[in-house]
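Colleague: Requesting a structural model of the entry that follows:
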Amino acid sequence: MKDVFLLYDTSCLFEIVILNYFMSLTGCEIIYCSLDGQPVRATEGYSVNVDMALKDVDPQQIRSFIVPGGDITSIDTDEVRTYLQELKSRKVLIGGICAGVDLLAHAGILDSLESTQSSDLDIVNDGPSLTSCVLNVHSSSADGFTEFICDIDSPKLDEEELSGMGLSTHMDLVNPGNLVDGLGGLGLPYNVGGKTDVKFDISQFVGLLGMLGEGEHHFIITVTDANGTTSKTLKIKF
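Modeller: Numbers count the residues shown, from 1 in each chain. Have a look, this model is predicted:
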């Protein structure tokens, strides 16, 4: 049985290289395919020769099918979605990384399944045990983030309360303006334009939220890069 990777122009090889390494060591039969069987240009700049076109990969011979991240526009087609649906009907193990998950969602593979793609609530704490909260945000675009917004929706942290901490309910972390001192004082990132990896650490907020008593606090993160805009919510509940 074969383990198949669907590659396309802008595929992020770094997302699958370790997986490929261990699969090769354990004797997996790996197949790299593209839509038309032609070489693709990865995000890292490499030209990759594939084994065959997607249409030539026999679904009956597939054990797993993996889609790495990148700009999925060229593979977000009826042909690919139909192929994925057939694989699902055969109970093939299907995986997506980064934007590859979007393709699975568009194909209906994630319907009725719980995933971070199907819910805005990525992190939920329901009790006093949480002492830290860190979100590592990655951009697969070489040019990094062009927008990184944090909106705070909390019954206990309104604009007046946050302004006293040098913060705001709406914070632009690419162009933070006069919020730099407040952000830096709490270990929050700022001036993140052009960065591909951002550590969004609200651990210092956690103790404050616990002291404020029962409540539900949402940190809505909206990021934009060359691949588009994504919004997710960190939900903390005490």
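
Colleague: ok, Ile109 touching Gln85?
Modeller: Yes - applying C-beta atoms under 8 Å as the test, Ile109 and Gln85 come out as touching, 7.4 Å apart. C-beta here means a position set from N, CA and C on the backbone, and glycine is covered the same way.

Colleague: Which one of these two is surrounded by more residues?
Modeller: Taking Ile109 and Gln85 together and counting by other C-beta atoms under 10 Å, Ile109 has the greater number of neighbours (21 against 13).

Colleague: For the helix ranked longest in the chain, list every residue counted as buried.
Modeller: Of all the segments assigned as helix in the chain under DSSP state H, the longest by residue count is helix 78-89. Residues of helix 78-89 classed as buried: Val80, Arg81, Tyr83, Leu84, Leu87, Lys88 (neighbour count, 16 or more other C-beta atoms under 10 Å).

Colleague: Mind picking the two most distant members of the residues you listed?
Modeller: Val80 and Lys88 (12.7 Å; C-beta to C-beta).

Colleague: about what we covered before: got the CA coordinates for the longest helix of the chain in PDB?
Modeller: Extracted in PDB, the C-alpha atoms of helix 78-89 (Å, rounded to 0.1, in the frame of the first residue of the first chain):
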ATOM      1  CA  ASP A  78     -13.500  19.700  -8.400                       C
ATOM      2  CA  GLU A  79     -11.100  17.000  -9.600                       C
ATOM      3  CA  VAL A  80      -9.100  17.000  -6.400                       C
ATOM      4  CA  ARG A  81     -12.200  17.300  -4.100                       C
ATOM      5  CA  THR A  82     -13.800  14.400  -5.800                       C
ATOM      6  CA  TYR A  83     -10.700  12.300  -5.500                       C
ATOM      7  CA  LEU A  84     -10.500  13.100  -1.800                       C
ATOM      8  CA  GLN A  85     -14.100  12.100  -1.300                       C
ATOM      9  CA  GLU A  86     -13.400   8.800  -3.000                       C
ATOM     10  CA  LEU A  87     -10.500   8.200  -0.600                       C
ATOM     11  CA  LYS A  88     -12.700   9.000   2.400                       C
ATOM     12  CA  SER A  89     -15.300   6.500   1.200                       C
END
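
Colleague: gap between that helix and the chain center?
Modeller: 22 Å (C-alpha atoms, centre = their mean, to the nearest Å).

Colleague: which helices and strands does the next helix or strand after it pack with?
Modeller: Where DSSP states H and E defines the elements, the next helix or strand beyond helix 78-89 is strand 93-96. Other elements packing on strand 93-96 under the criterion 3 or more C-beta pairs under 8 Å, 6 or more residues apart in numbering; DSSP states H and E are strand 62-67, helix 78-89, helix 100-106.

Colleague: could you redo the last one with a cut-off of 6 Å?
Modeller: strand 62-67 (3 or more C-beta pairs under 6 Å, 6 or more residues apart in numbering; DSSP states H and E).

Colleague: which neighbours does the strand it packs on have in its sheet, and in what orientation?
Modeller: strand 2-6 (parallel), strand 93-96 (parallel) (DSSP bridges).

Colleague: mind checking how far it is from the chain centre?
Modeller: Distance of strand 62-67 from the chain centroid (C-alpha atoms, centre = their mean) equals 19 Å.

Colleague: outside of that strand, which residues touch it?
Modeller: When contacts are defined by C-beta atoms under 6 Å, 6 or more residues apart in numbering, strand 62-67 is touched by residues 1-6, 87, 92-96, 100, 103.
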